[in-house]
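Novice: make a model of this:
(one chain, ligands or ions: 1)
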Amino acid sequence: MPQRPAPIPAAPTGPPAHATPGTARLSALGTHPERGLESAEAAARLERHGPNRITERKGEGPLKRLLDQFRAPLVLVLLVAAAVSALLKGVVDAAVVLGVVVMNALVGFVQESRALQAVQALGRALVSQATVIRGGQRLQLDASELVPGDLVLLQAGDRVPADLRLLQARELAVDESALTGESLPVEKQPDPLPADTPLADRRNMAYASTLVTRGAATGVVEATGDATEIGRIAGLIAGAEVLATPLTRRIARFTRVLLVAILGISAVTFAIGLWRGEPLGEAVLAVVALAVGAIPEGLPAAVTIMLAIGVARMARRRAIIRRLPTVETLGSTTVICTDKTGTLTRNEMTVQELVAGGETFQVSGTGYAPAGELLAAGRRAAADAHPALRECLRAGVLCNDAELAEQEGRWTVQGDPTEGALLTAARKAGLDEAAERAAAPRLDAVPFDSAHQYMATLHAGAGGGPPVAYVKGALETILPRCVAQLDAAGGEAALDAAEVRGWGEDGLAPQGLRVLAFARGTMPAGQVALGHDDVAGGLVLLGLQGMVDPPRPEAATAVAACHRAGIRVKMITGDHPGTAAAIARQIGLADAEGTGAEPVTVTGRDLEVMDDAAFAEAAERATVFARVTPEHKLRLVEALQARRHVVAMTGDGVNDGPALRRADIGVAMALGGTEVAREAADMVLTDDNFASIEAAVEEGRGVFDNLVKFILWTLPTNGGEGMVIMLAMALGVALPILPVQILWINMTTAVCLGLMLAFEPREPGIMDRPPRDPGAPLLAGALLTRIVYVSLLLCGAAFAVYAWRLALGAPPAEARTAAVAAIVLGETFYLFNCRSLGGAAVGAFSNPWVWVGVAAMLALQALFTYAPVMNRLFHTAPLDAATWGWLALFGLALSVVVSLEKRGREAWRSRAARARGARMS
Ligand code: ATP
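Specialist: Purely as a prediction, here's the structure:
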């Protein structure tokens, strides 16, 4: 039994949180200022308040979505038709039409709900994390585990996990647009405010779901879940997922145009029928049949479902799609701009070489385990014998927020891997972190951010001396701030900037090592706070540390696959150009043509002085962009897009939002990135791995292929059926297929046969062709021709079979059943042709779903033909075995014709390609 905790004094009694001093709020909430809540207390509160989650309010209720299914124009046409035929032909036909409409709506509803669920579930799969202090320890928790009274640490890039009363804030700015609509970030500070301050002006509160754009802070949780401000207005953030994509919109538009055209043709047909003196009932039936048969009304829904299936496939390959249209865009991607650290490399840093006091030290050992030693000129070096080395390592330990942890012999880092590596190096040299930290307690810190490229901490001076600031960061940032450097004996000597630059640029960076420079500065006595100005100059350089971050083993393969697929890969990094170029070389980034070319490298500084034309040229040509800032990323995306590229861009930082949003596909990281970046992204990689982008592109191409296959398969049914009716009307003969039968064909074949194409595996060689031009029509040339002639064949077969059965003396019901079976079997055989787009052979059983669908289709068709109730409802009659045999033969013949056409085309294409090749050589 959990212990009954003391009740938390509720906020409504007494002044509101923002009008109370922070310390008073802490005691009111029963929180220890340093230790936070104890874990037993937190567990008890979790039980009482429930998880920190907002109850989801659905954007649209299931009932509304079900009713929406009946709002489709075609359904309306059908409903009118049902009413007319009830008047003219009795209620049975009308009832069947109505039944089919309802069934159709139900199937549509179920499928759409599944698609919606799949997309929503993926959104939820990305839980956000929160950093809290519990029982005196800093922990990373699932944000849903937070309870009132928890002490929470915020830093730039975080999403605020609950409503917080701020206790300390350092340059904190929060984007509250989710809550207040105010687009500019709001500065925050912890002092109490008047009780009547409106929500938007409560500078000492941070509200759940807003985003930290700058600075760092500590706060205590005031409210969680539905009790938060955002929870109260949760209607706003109800996850109303939009399932429409550019493609489904294009198709919906196409269907609407088709609908109008068909209605026009129907009207003409109707008039002709009446003029010929046909009975009104027959003419109405024909028009309904035409409308039903010729309009591919299920197409947009089917496309949505196929995209949703694609989303699930991509999730299995570690790419979570946040917006459905991304699935389409992936197949057209022509450039991928990717971060280096953590995406192309493992983000597992190990200091390998140090330069301090003019001496170079090699460090042995890999990973974060402090097993290894420092060697100077091949001899073991202890830190105590090298004062400059010691001070450089010491700076690495003090100016550091990471912790090393060992679990079952495995060493890991809590915090920034770069900083973890510094701790490991210091331990290898015999430094004791705890002792160093105790000897120089930290007074204040300027946190690291990519824009400033350094971090600084202020420490109490030893023996009551003046406080000391330790600074670490990029060499170019630190060096200009230094006026002296440590010599080997630990004394301060004049700075030789060229020499120091040489250590980094000629020594460490070309080996692909990430270089960090270290410096210190003495501050005036009594200073307890540190700002950027305090470390802007007058520092003493302590040394450099170079760390390896090996490329991910799969990166080179994925880059090569992209190159084969006509996709350019560009590295965009905050790191040094030398380091970046070395890594680019290792993974073959510059080698799209296999010529062993060197990576073209451009730095942020180069970009800054370029005019637009030069910038655009550099964006196109260079493969490595080093020391770039988020603003450069945005300009790069725009420049590449102006050159008609479809750009995927990765980003993990707070300031990457605009570039991620602007890119055709913004890619964020689930493990390493900030919440801000994830929020702006279209796709999130669950393993932060570049190879997952390549996998997603591959899947995207596969999904698009399957969509085209589906459309290629489905349109001839509509075409064939439409032609049958129009021809019958034009010739003034009885309909070989009745409207309800057409409804039957459309409904059963799309679900049993067509949708199975969504499970078609990717075709071999899918990454050997160039990206799809997003502006190109979906169907052109060969595919369009195929749709037309298959339609003609189906139409011809329906007429021929109908006439043939009648000629043999069969009653019309039997002749029509045979005509329907001809179309269904034709579609069944044609399905196998549609399993590949070009001439590629596909394994008979590589998509078992096709066989399941075919079996289901045949079973339904048997029911349609032989079940007495179906005979009555659909005006069908049993067929004999010989008829089935002939019909199957027709299906087979159709399939053979299509495969001969495909082969012929393929042979012609490869001959043309060979001829081209010969001409060029
Ligand atoms: P990418 O953009 O590929 O992720 P990156 O991680 O190297 O590259 P940043 O994190 O912006 O880019 O780092 C830029 C530079 O800042 C690094 O090259 C390094 O010199 C310095 N740096 C990185 N991390 C820290 C840190 N924790 N403290 C101080 N300086 C750092």
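Novice: state the distance from G809 to Y802.
Specialist: Distance, G809 to Y802, by C-beta to C-beta, to the nearest Å: 13 Å. Every residue, glycine included, has its C-beta placed from N, CA and C.
Novice: which of the two has more residues huddled nearby?
Specialist: A direct count of neighbours by other C-beta atoms under 10 Å for G809 and Y802 places Y802 higher, at 27 against 8.
Novice: just how off-centre is stretch 577-587 within its chain?
Specialist: In terms of C-alpha atoms, centre = their mean, to the nearest Å, the gap separating the centre of stretch 577-587 from the centre of its chain is 27 Å.
Novice: please apply the same query to stretch 407-417.
Specialist: Taking the mean of its C-alpha atoms, stretch 407-417 sits 28 Å from the chain's own mean (C-alpha atoms, centre = their mean).
Novice: with stretch 445-455 instead?
Specialist: For stretch 445-455, the distance to the chain centre is 28 Å (C-alpha atoms, centre = their mean).
Novice: try stretch 806-815
Specialist: Mean C-alpha position of stretch 806-815 versus that of the full chain (C-alpha atoms, centre = their mean) differs by 57 Å.
Novice: list the buried ones in it?
Specialist: With burial defined by 16 or more other C-beta atoms under 10 Å, the residues of stretch 806-815 counted as buried are L806, A810, P812, A813, E814, A815.
Novice: so for it, mean pLDDT?
Specialist: This predicted structure assigns stretch 806-815 an average pLDDT of 92.
Novice: again with stretch 202-221
Specialist: Taken as a whole, stretch 202-221 has a mean pLDDT of 90.
Novice: now stretch 643-653
Specialist: Stretch 643-653 shows a mean pLDDT of 90 in the predicted model.
Novice: tell me the gap between it and the middle of its chain.
Specialist: The chain centre lies 13 Å from the centre of stretch 643-653; the measure is C-alpha atoms, centre = their mean.
Novice: just to revisit the earlier point, and the furthest pair within the buried residues of stretch 806-815?
Specialist: Greatest spatial distance among the buried residues of stretch 806-815 (C-beta to C-beta): L806 and A813, at 10.9 Å.
Novice: list residues touching both of these two?
Specialist: Taking C-beta atoms under 8 Å, 6 or more residues apart in numbering as the criterion, L806 and A813 do not both touch any residue.
Novice: overlap in contacts, G809 and Y802.
Specialist: Common contact partners of G809 and Y802 (C-beta under 8 Å, 6+ apart): none.
Novice: which one in this protein is furthest away from the centre?
Specialist: Among residues of the chain, the one most distant from the C-alpha centroid is G809; the distance is 61.7 Å, by C-alpha atoms, centre = their mean.
Novice: so what's the backbone phi/psi at that one?
Specialist: Torsion angles at G809 (phi, psi; degrees, to the nearest 10) stand at phi 90, psi 10.
Novice: for L184, same thing?
Specialist: Dihedral angles phi and psi of L184 (degrees, to the nearest 10) take the values phi -80, psi 140.
Novice: count of neighbours near it?
Specialist: In terms of burial, L184 registers 10 neighbours under the definition other C-beta under 10 Å.
Novice: please enumerate the helices of the stretch 251-400 of the chain.
Specialist: Counting by DSSP state H, counting those that start in this stretch, the stretch 251-400 of the chain has helices at residues 280-294, 299-316, 325-330, 387-398.
Novice: secondary structure class for the closest residue to Y866 other than its chain neighbours?
Specialist: If the residues on either side of it in the chain are set aside, Y866 comes closest to P878, at 5.2 Å by C-beta to C-beta, 6 or more residues apart in numbering. For P878, the assignment made with DSSP: H, G, I helix; E, B strand; the rest coil gives coil.
Novice: which residues touch the residue of the stretch 451-600 of the chain found nearest the ligand?
Specialist: At 2.5 Å from the ligand, G574 is the closest residue in the stretch 451-600 of the chain, using C-beta to the nearest ligand atom. Counting by C-beta under 8 Å, 6+ apart, G574 touches T341, S450, Q453, A626, R627, V628, T629.
Novice: over to R170?
Specialist: Contacts of R170 (C-beta under 8 Å, 6+ apart): G215, A216, A217, P447.
Novice: tell me, how many neighbours does E282 end up with?
Specialist: Residues contacting E282 under the criterion other C-beta under 10 Å number 16.
Novice: then L858?
Specialist: The burial metric for L858, expressed as a neighbour count using other C-beta under 10 Å, is 14.
Novice: how about it, nearest residue that isn't a chain neighbour?
Specialist: Computed as C-beta to C-beta, 6+ apart, the closest residue to L858 that is not its neighbour in sequence is T828, at 7.8 Å.
Novice: the strands in the stretch 451-600 of the chain, which residues?
Specialist: Counting by DSSP state E, counting those that start in this stretch, the segments of the stretch 451-600 of the chain that form strands are 454-459, 468-473, 482-486, 492-494, 514-522, 539-548, 568-572.
Novice: tell me which of those lies nearest to C562.
Specialist: Go through these one by one with C-beta to C-beta and the one that ends up closest to C562 is strand 568-572, at 5.1 Å.
Novice: re earlier: could I get the strands of the stretch 451-600 of the chain as TSV with distance to E433 and mean neighbour count?
Specialist: Formatted as TSV, these follow (distance: least, C-beta to C-beta, whole Å; neighbours: other C-beta atoms under 10 Å):
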stretch	distance to E433	mean neighbour count
strand 454-459	14	23
strand 468-473	14	24
strand 482-486	21	20
strand 492-494	25	12
strand 514-522	16	25
strand 539-548	16	26
strand 568-572	34	24
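Novice: please tell me how far L375 sits from L389.
Specialist: Taking C-beta to C-beta as the criterion, L375 is separated from L389 by 12 Å.
Novice: buried members of the contacts of G574 into PyMOL, please.
Specialist: Once 16+ other C-beta under 10 Å is used to decide burial, the buried members of the contacts of G574 can be selected in PyMOL as follows:
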select buried, resi 341+450+453+626+627+628+629
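Novice: can you pick out the most distant pair from the contacts of G574?
Specialist: Based on C-beta to C-beta, the longest span within these runs between T341 and T629 and measures 15.1 Å.
Novice: since that was my last question, I'll sign off now.
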